[in-house]
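> Next come a sequence and a model predicted from it.
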Amino acid sequence: MTIAASEKSFLGQPRGLTVLFLTEMWEKFSFFGMRTLLVYYMTTTLLIEQGRASIIYGVYTAVIYLTPIFGGVLADRWLGRRRSVVMGASIMIAGHFMMASEALFYPALAVIAIGNGLFLPSLPGQVAGLYKPDDPRRGSAYNIYYMGVNLGAFMAPLVCGAVGEIYGWHWGFALAGVGMAAGLTIYLLGGRYLPADPPRAAREEKIKGGGLGRSSLMLFGGVILAVVVFRIAYEQVGNTLALWIGSDVDRSLGGWTIPMTWFQSLNPLLVFLLTPILVTAWDRSARKGRGMSSLARMATGAALVAGAFFGLAVVATLAGQGAVHWLWLVVFFVLLTSGELFILPVGLGLFGRLAPVQMTATMIAAWFLAAFAGNLLAGLVGSTWSLMSPATYFAMMGVVASVSVLGLLLLIRPFRNVEA
């Protein structure tokens, strides 16, 4: 079931997209707020050794992208997407407040991961149902939805981080729980603007009868592989690039030194600033019949990220043993974020649009599986950082992103009819 296309709100999109946008924004506020505090809490309050704390952090953030596989199946087969969102959000709220007890630390992490498994694939799985099949706005809907992800990610370290550091980690965790509760409230109040789930009997019957053709499966598989490769380069932003910013970048501004962690806020901030510009341009092109296909957009995004890393390699080479001015980082992040907007939300939208209605949550969960694999591989590749110069490493990341470009370009011709 779709919502009438005439209902418009933010950036000319249906009101339901605003509901999903705000719900996702508060969920990510809670997730990134809690994640910001996690390592500090483990090492300073729980007195967990740094190496073990890092392992716990890595396992937790990886599992966050695994539980949606099971949650997506539950949503599609039995619970329905709307009920899964409510249940998942409620479970996560409980988990965030459990973090206030040191004795419940590990159970709290498990509870949050379980709730996330129900929530994460089921909320974006409702975006496609807001539009008619021929609505030209469908192609940019997930980019607007993606703004909610990054707005929440931008606010969380500034708010939860400050509260946790000044007043105590437990208060920061509690604030993350309040954020999740705010998201659930918005979702419940805005339910009338969201697409209804198909009846359970219809879901079960359609799933038993299949609905996902071989061509679609091959397309999804090819895209996942290309995105896994892409994420090896993209996920260096919070890893090796952060190390380089701390050691080799001139962060002086007048008589003041810019905190190295502040550069991590550039990416979500630029997502929020650039998305309206790109969405407006894409919608205008679509109405004129000149819009790019999703695969072409994704290949363009990977190419922009490759260019960003190659450019950084050149800058690092020219700097030699000297420090690189921080303005070059701003240029890098503009290119990287532009590329991200061309590939990640567009790929999410591709999975949401092409998946059979009865399997939307499951297929979106498969999309997040690429994040799980890409994040793990990015960490392994990042372990080679100290074995080569920064310029060589950044050039290698440019090559990795270029491999993703090639893979996506090879998918365009054979799957042109499938994507259409």
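Happy to help now that I have it. Numbering: from 1, shown residues only.
> Show the backbone phi and psi for the residue of the chain most remote from its centre.
Distance to the chain centre peaks in the chain at G255, reaching 36.0 Å (criterion: C-alpha atoms, centre = their mean). Phi and psi for G255, reported as degrees, to the nearest 10, are phi -100, psi 20.
> let's have the chain start at 358 instead
Happy to do that; since the first residue is 358 now, the last one works out to G612.
> can you tell me which residues contact it?
With C-beta atoms under 8 Å, 6 or more residues apart in numbering as the criterion, no residue contacts G612. All C-beta spots, glycine's among them, are computed from the backbone N, C-alpha and C.
> Name the nearest residue to the most centrally placed residue in the chain, sequence neighbours excluded.
The centroid of the chain falls nearest to V506 when counting by C-alpha atoms, centre = their mean (6.6 Å). Closest residue in space to V506, ignoring its immediate chain neighbours: K385 at 5.1 Å, by C-beta to C-beta, 6 or more residues apart in numbering.
> so what's that neighbour up against?
By C-beta under 8 Å, 6+ apart, K385 lies in contact with 505-510, 513.
> and if we set it to 10 Å?
392, 505-513, 536-537, 540, 625 (C-beta atoms under 10 Å, 6 or more residues apart in numbering).
> secondary structure element for it?
Following DSSP states H and E, one finds K385 within helix 372-401.
> Isn't V430 up against T717?
No - counting by C-beta atoms under 10 Å, V430 stays clear of T717, with 11.7 Å between them.
> got any residues that touch both of these two?
Taking C-beta under 10 Å, 6+ apart as the criterion, V430 and T717 both touch P478.
> Got the phi and psi for W613?
Dihedral angles (degrees, to the nearest 10) for W613: phi -120, psi 150.
> measure the residue nearest to the centre of the chain to A467 for me?
Remark: distance between V506 and A467 (C-beta to C-beta, to the nearest Å) = 23 Å.
> returning to that earlier point: need the contacts of K385 in TSV with pLDDT, distance to V762 and secondary structure, can you?
Formatted as TSV, the contacts of K385 follow (pLDDT from 0 to 100; distance: C-beta to C-beta, whole Å; DSSP: H, G, I helix; E, B strand; the rest coil):
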residue	pLDDT	distance to V762	secondary structure
R392	80	30	helix
G505	83	28	helix
V506	82	24	helix
N507	84	23	helix
L508	89	28	helix
G509	89	29	helix
A510	83	26	helix
F511	85	28	helix
M512	86	33	helix
A513	83	32	helix
G536	95	37	helix
M537	96	37	helix
G540	96	35	helix
P625	85	24	helix
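> any idea which of the residues you listed has the most stuff around it?
M537 (31 neighbours; other C-beta atoms under 10 Å).
> May I have the residues that are in contact with the closest residue to that residue other than its chain neighbours?
Closest residue to M537 apart from its sequence neighbours, by C-beta to C-beta, 6+ apart: S387 at 3.9 Å. The contact partners of S387, by C-beta under 10 Å, 6+ apart, come to 446, 449-450, 452-453, 469, 509, 513, 517, 530, 532-540.
> for the stretch 358-507 of the chain, which spans come out with low pLDDT?
Within the stretch 358-507 of the chain, the segments meeting pLDDT under 70 span 358-368.
> try 90 this time
By pLDDT under 90, the low-scoring segments of the stretch 358-507 of the chain are 358-370, 388-401, 405-423, 426, 429-430, 432-435, 457-458, 481-482, 485-486, 488-507.
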